[in-house]
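1. everything below, folded, please.
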Amino acid sequence: ACTFFIMVGYFLYLLLLRLLPIWVFQKFNVAWWAYIFPISTSANAFLHFSERASSLVWKIAGNTTAVIAILVFVLVAVLTATQLMRGNIPHDDISITLFLDSKINAMQASPERYLDTRTRLGVIDL
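-> Next comes the predicted model:
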């Protein structure tokens, strides 16, 4: 039964790798982090499975998936840091408005600060 789930995991892992070019050509956003979780957890499972398997093929496959997961993680982390430094996250007025609206209860003691922040960011009410 364990081998069956590992094979299903490999199929999903390969499917995610196949979808990687589609993600790469899209504009970067925070949703890319959702891609990291299945890649990393699958790689972790494959690595643990390869430690118990006696075949050299499984050991190579487990280490390869782990290296790919690390490279994808580093890529997304670098892109996130770059976009944060450029001020592109969040990159749209709706996200900023929703974020500020969620913080209004925390700023009830100082509504002027809330309004000043919205004015400074140029947020327009929809």
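
2. the nearest residue to residue 42 once chain neighbours are set aside: how many residues sit nearby?
-> Spatial nearest neighbour of residue 42, excluding adjacent residues (Cβ to Cβ, 6 or more residues apart in numbering): residue 13 at 4.4 Å. To be clear about C-beta, it is placed using only N, CA and C from the backbone, and glycine gets the same treatment. Number of residues near residue 13 (other Cβ atoms under 10 Å) recorded here: 21.

3. which ones are touching residue 13?
-> Residues in contact with residue 13, defined by Cβ atoms under 8 Å, 6 or more residues apart in numbering, are 38-39, 42-43, 46, 65.

4. flag every buried residue along the helix or strand harbouring residue 12.
-> Following DSSP states H and E, one finds residue 12 within helix 2-24. By neighbour count with 16 or more other Cβ atoms under 10 Å, helix 2-24 contains the buried residues 6, 9-10, 13, 16.

5. which residues does the closest residue to residue 69 other than its chain neighbours contact?
-> Of all residues not flanking residue 69 in the chain, residue 43 sits nearest, at 3.8 Å (Cβ to Cβ, 6+ apart). For residue 43, the contacting residues are 13, 62, 65-66, 68-69, by Cβ under 8 Å, 6+ apart.

6. so of those, which ones are in strands?
-> Among the contacts of residue 43, no residue falls in strands (DSSP state E).

7. quick check on residue 53: phi, psi?
-> When read as degrees, to the nearest 10, the backbone of residue 53 gives phi -80, psi 150.

8. per-residue pLDDT, it?
-> For residue 53, the pLDDT comes out at 83.

9. roughly how far apart are it and residue 22?
-> According to Cβ to Cβ, to the nearest Å, residue 53 stands 32 Å off from residue 22.

10. all helices for the protein, in order.
-> Counting by DSSP state H, one finds helices in the chain at the ranges 2-24, 33-52, 56-86, 93-102, 111-121.
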